[in-house]
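# sequence and predicted model, in that order:
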Amino acid sequence: QFGEIGGVLEQVSGAGAMKQWKSLMEKMEPLAGAVAAMPTAALRADIGVALTAGKFLPNFAKTNPLENLKLTKPFSSIVDGAGVSDKF
């Protein structure tokens, strides 16, 4: 498996890449939680958003708003923030 000990990533890129992958996955964890808390299918550009997104607001409110803002930025900023330099 990719990203697991003895997996493709370690075989191809080595232990340094594994460390970077782990760092990236740790940075992605809160973002994954935010996406799970508020599915993009619930968002819409009309008044119906109150019906479709409203039921997810309690879960979304539990997430870190500063982390959630990262979802609006380029993915490269997350990769850079995790210290990834390997091309995987």
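Arrived safely. Residues are numbered from 1 along each chain as shown.

# for the helix ranked longest in the chain, buried residues please.
Secondary structure assigned by DSSP state H gives helix 15-37 as the longest helix of the chain. In terms of neighbour count (16 or more other CB atoms under 10 Å), helix 15-37 has its buried residues at 17-18, 20-21, 24, 27-28, 30-31, 33-34, 37. C-beta here means a position set from N, CA and C on the backbone, and glycine is covered the same way.

# just the residues contacting stretch 40-58, thanks.
Defining contact as CB atoms under 8 Å, 6 or more residues apart in numbering, one finds that stretch 40-58 is touched by 37-39.

# that older thread, what is the longest helix of the chain packed up against?
Counting contacts by 3 or more CB pairs under 8 Å, 6 or more residues apart in numbering; DSSP states H and E, helix 15-37 packs against helix 8-13, helix 57-61, helix 65-68, helix 75-81.

# nearest to Phe2, of those helices?
Closest to Phe2 of the helices and strands packed on helix 15-37 is helix 8-13 (CB to CB; 5.1 Å).

# where does Ala41 sit: helix, strand or coil?
Classification of Ala41 using DSSP: H, G, I helix; E, B strand; the rest coil returns helix.

# per-residue pLDDT, it?
Note on Ala41: pLDDT of 89.

# I'm done for today, thanks for sticking with me.
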